[in-house]
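Trainee: Output the structure for:
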Amino acid sequence: MTTSWTGPADVKFAGTMMNEPLLLKSIAERAEQMYGDQRVVGYTDRGPVETSCAALVSRVRRLASALVRSGVEVGDRIATFAWNTLEHLELCLAVPSVGAVLTPLNVRLHADALRYIIDHAGVTVVVADHALADRLPPLPDRTRLVLIGPADDEPGALDYEQLIADGDPGFDFPRIPEESASTLCYTGGTTGPPKGVAYTHRSTVLHTLLECLPDYYAISEADVTVPYVPIFHANAWGIPYASLMVGARLVLPGRPSGPEAMVRLLAEQRATFSAGVPTIWHDVGELPALPDLSALRMVVVGGAPLSERFLKRFDALGVPVVQGFGMTEANPLVAIGSVPARSTAEGHDRMRVRLSQGRPLPFVDVRVDESAGELQMRGATVTARYYGQSGRDPGKFTDDGWMRTGDVAEIAADGVVRIVDRTKDMIKSGGEWIPSVELADAIEHHPAVAEAVVVAVGDERWGERPAAFVVLRPGAALTADALRAHLAERVAKWWIPEAIHFADHIPRTSLGKLDKRAVRVLVDGLVPSGTDTEEERTRP
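Mentor: Below is the predicted model of the structure:
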């Protein structure tokens, strides 16, 4: 039982430490002072561009002063619309450092979703890459547009480089309360409109410190980091801030590229750390050969559960992949599936630990609700409510202040969290539960299968039955009956789906996650393949 202090705030023996606020400006100032000659690299269509931390922060100071001079005030929401570029990094530092709120927009979203976020957040300035500007919806009258790149062909738009040129390189960042919002990130909106989560300076700085701990990202001055996860996806999981804080060489990959270009960049830069969603790494794993990636010490893959086959494929390639677990509401890292140092697990048991979500970060508490088996969390880096809501959403937060994750999970005695499924994705068939994630993982163990997703479909007799969407590997052939025979050796008989649909691809969200809502819509319009099991499905 948790108790709360109910006595007076001014206790008899108070601490004597300075009450210095935890602010993102401190990361910029530290990079400038201690790692001024460290290189920062940004890839463009013309190739890599290098600068130093000192030069970077000088531009950040200029940009910050220009924003203030142009009328930006504390609390104003400034949206960004760009890939992982040097300019986007400058904005990640300058905007929060003047007390404004960085609001990264997902460049893959439909114009309607972008319009919703801009309106909901009350954005007053949008800073967009010129090459992406045509994806933006018409902006409200209150919202100014700043373009990175040529601005002459956009009436009324301000020129990003001109702002910096007119700025003050000696600008002093203001001292603001650490509870001020630094970033307003929006969820993917797979279950309704996107929801805003306002990170504070305090939570973001704490998150940056925690993810650098040895048992998590362990980023240090010796590292070369390459975040393939976009900045618009929860601050690129905090990797840019962490890299600058400890003096690592940060490499921003720019516009997304194919798997060949990805691994070529990693090899050229002798990258030691990288991160991204499973989709892009799946494509890397399909390459016939890789360049020398021996410098890599960790690749964090997060956004969807990883399969045993996925991990074994990268083990064979010599690429050290670990599973990352987080959510926008948690700033975002919660845990990574690395094997604890004192673990004695071997073989299958060790793989099971690697497939888990791992131990949560310090100062993040987790519990499993006994009635539904749902994982819940609270902590210094976990949101207490969504932006724009006057109170807690009871569907997302408990009465005693815990956040509902929507995940069905188990917590081992040593604190390792293992997610079994999403609460909405558990399939209740004949009164018994079928975890869709475990069933999909069993399907992906078949050598002909590239990836699979399992969802529930209504059934008059059983209430719900599993339906599988399956993508085959290039050149592979498989029948539904052959896949069922494979499953019969791995799962309970009543788990085996009658409906197995072979597809060229599985729908994904704008963040690269499997879009189960879209899959359910597709499944509803299909005839179960169990009525025609002899047709062999072949992928060219």
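Trainee: Let me have the helix ranked longest in the chain in PDB, keeping just the CA atoms, if that works.
Mentor: In the chain, assigned by DSSP state H, the helix with the most residues is helix 53-69. Only the C-alpha atoms of helix 53-69 are listed here, as PDB (Å, rounded to 0.1, in the frame of the first residue of the first chain):
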ATOM      1  CA  CYS A  53      28.900  20.800 -31.700                       C
ATOM      2  CA  ALA A  54      30.200  24.300 -31.200                       C
ATOM      3  CA  ALA A  55      29.000  25.400 -34.600                       C
ATOM      4  CA  LEU A  56      25.700  23.600 -34.200                       C
ATOM      5  CA  VAL A  57      24.900  25.300 -30.900                       C
ATOM      6  CA  SER A  58      26.000  28.700 -32.300                       C
ATOM      7  CA  ARG A  59      23.300  28.300 -34.900                       C
ATOM      8  CA  VAL A  60      20.900  27.100 -32.200                       C
ATOM      9  CA  ARG A  61      21.500  30.300 -30.300                       C
ATOM     10  CA  ARG A  62      20.900  32.400 -33.400                       C
ATOM     11  CA  LEU A  63      17.700  30.500 -34.200                       C
ATOM     12  CA  ALA A  64      16.500  30.900 -30.600                       C
ATOM     13  CA  SER A  65      17.000  34.600 -30.600                       C
ATOM     14  CA  ALA A  66      15.300  35.000 -34.000                       C
ATOM     15  CA  LEU A  67      12.300  33.100 -32.700                       C
ATOM     16  CA  VAL A  68      12.000  35.400 -29.700                       C
ATOM     17  CA  ARG A  69      12.500  38.500 -31.800                       C
END
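Trainee: what's the one helix or strand residue 127 maps to packed up against?
Mentor: Using DSSP states H and E, residue 127 sits in strand 123-129. When contacts are defined as 3 or more Cβ pairs under 8 Å, 6 or more residues apart in numbering; DSSP states H and E, strand 123-129 packs onto strand 77-81, strand 144-148. C-betas here are computed from N, CA, C, even on glycine.
Trainee: Can I get it in PDB? Just the C-alpha atoms.
Mentor: What follows is strand 123-129, C-alpha atoms only, in PDB (Å, rounded to 0.1, in the frame of the first residue of the first chain):
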ATOM      1  CA  VAL A 123       0.300  25.600 -33.500                       C
ATOM      2  CA  THR A 124       1.400  29.200 -34.300                       C
ATOM      3  CA  VAL A 125       4.500  28.400 -36.400                       C
ATOM      4  CA  VAL A 126       5.200  25.500 -38.800                       C
ATOM      5  CA  VAL A 127       8.800  24.900 -39.800                       C
ATOM      6  CA  ALA A 128       8.800  22.600 -42.800                       C
ATOM      7  CA  ASP A 129      11.400  21.200 -45.200                       C
END
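Trainee: So for it, what gets flagged as buried?
Mentor: Across strand 123-129, burial judged by 16 or more other Cβ atoms under 10 Å covers 123, 124, 125, 126, 127, 128, 129.
Trainee: if I pick residue 95, what's in contact with it?
Mentor: 64, 67, 78, 80, 101, 102 (Cβ atoms under 8 Å, 6 or more residues apart in numbering).
Trainee: Pop out the phi and psi values for it.
Mentor: phi -60, psi -50 (degrees, to the nearest 10).
Trainee: Can you give me the separation between it and residue 182?
Mentor: 8 Å (Cβ to Cβ, to the nearest Å).
Trainee: Please apply the same query to residue 403.
Mentor: Residue 403 is 19 Å from residue 182, where distance means Cβ to Cβ.
Trainee: Between these two, which is the more surrounded one?
Mentor: Using other Cβ atoms under 10 Å, the more surrounded residue of residue 403 and residue 182 is residue 182, with 27 against 22.
Trainee: the helices in the stretch 101-250 of the chain, which residues?
Mentor: 111-121, 160-165, 201-211, 239-246 (DSSP state H, counting those that start in this stretch).
Trainee: on that earlier part again, what strands flank the strand holding residue 127, and is each parallel or antiparallel?
Mentor: Sheet pairing here is set by DSSP bridges, and for strand 123-129 it gives strand 77-81 (parallel), strand 144-148 (parallel).
Trainee: Could you export stretch 134-148 as CSV, CA atoms only?
Mentor: Listed next in CSV are the C-alpha coordinates belonging to stretch 134-148 (Å, rounded to 0.1, in the frame of the first residue of the first chain):
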residue,chain,number,x,y,z
ASP,A,134,3.3,20.3,-50.4
ARG,A,135,2.1,17.6,-48.0
LEU,A,136,0.9,20.1,-45.5
PRO,A,137,-2.8,21.1,-45.4
PRO,A,138,-3.7,24.8,-45.7
LEU,A,139,-2.6,26.5,-42.5
PRO,A,140,-4.9,28.5,-40.2
ASP,A,141,-4.6,32.3,-40.5
ARG,A,142,-2.8,32.4,-37.1
THR,A,143,-0.1,30.0,-38.2
ARG,A,144,3.1,31.3,-39.9
LEU,A,145,5.2,29.1,-42.3
VAL,A,146,9.0,28.9,-42.2
LEU,A,147,10.7,26.9,-44.9
ILE,A,148,14.0,25.1,-44.8
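Trainee: what does that stretch rub up against?
Mentor: Taking Cβ under 8 Å, 6+ apart as the rule, stretch 134-148 contacts 81-82, 85, 87, 107, 111-112, 114-115, 118-119, 123-130, 133, 154, 156-161, 163.
Trainee: Buried among those? Make that a PyMOL selection.
Mentor: Selection of buried members from these for PyMOL, criterion 16+ other Cβ under 10 Å:
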select buried, resi 81+82+85+87+107+114+115+118+123+124+125+126+127+128+129+130+133+154+157+158+159+160+163
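Trainee: Confirm residue 501 sits in a strand?
Mentor: Yes. Membership of residue 501 in a strand is supported by DSSP: H, G, I helix; E, B strand; the rest coil.
Trainee: Could you point out the bridge partners of it in the sheet?
Mentor: Here residue 501, judged by DSSP bridges, has bridge partners residue 469.
Trainee: The chain should start at 12 in everything you say after this.
Mentor: Got it, the first residue is 12 from now on, which makes the last one we talked about residue 512.
Trainee: Report whether the expected contact of it with residue 482 is present.
Mentor: No. Taking Cβ atoms under 8 Å as the definition, residue 512 is not a contact partner of residue 482, at 10.2 Å.
Trainee: Tell me how many other residues crowd residue 439.
Mentor: Counted with other Cβ under 10 Å, residues neighbouring residue 439 total 12.
Trainee: which non-adjacent residue is nearest it?
Mentor: residue 475 (5.4 Å; Cβ to Cβ, 6 or more residues apart in numbering).
Trainee: before we move on, what SS does the one you found have?
Mentor: Looking at residue 475 with three-state DSSP, the answer is strand.
Trainee: show me the contacts for it.
Mentor: 438, 439, 440, 467, 468, 469.
Trainee: Over to residue 338?
Mentor: Contacts of residue 338 by Cβ under 8 Å, 6+ apart are 345, 416.
Trainee: ditto for residue 444
Mentor: 437, 438 are the contacts of residue 444 under Cβ under 8 Å, 6+ apart.
Trainee: Is it in a helix, a strand, or coil?
Mentor: strand.
Trainee: Can I get stretch 302-314 in PDB, CA atoms only?
Mentor: What follows is stretch 302-314, C-alpha atoms only, in PDB (Å, rounded to 0.1, in the frame of the first residue of the first chain):
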ATOM      1  CA  PRO A 302      29.100  -4.700 -45.500                       C
ATOM      2  CA  ASP A 303      31.400  -4.600 -42.400                       C
ATOM      3  CA  LEU A 304      29.100  -3.700 -39.500                       C
ATOM      4  CA  SER A 305      31.400  -5.100 -36.800                       C
ATOM      5  CA  ALA A 306      31.500  -1.700 -35.000                       C
ATOM      6  CA  LEU A 307      27.800  -2.000 -34.100                       C
ATOM      7  CA  ARG A 308      27.400  -2.900 -30.400                       C
ATOM      8  CA  MET A 309      23.600  -2.400 -30.300                       C
ATOM      9  CA  VAL A 310      20.600  -2.000 -32.600                       C
ATOM     10  CA  VAL A 311      17.400  -1.300 -30.800                       C
ATOM     11  CA  VAL A 312      14.300  -2.400 -32.700                       C
ATOM     12  CA  GLY A 313      11.000  -1.300 -31.200                       C
ATOM     13  CA  GLY A 314       7.400  -0.500 -32.100                       C
END
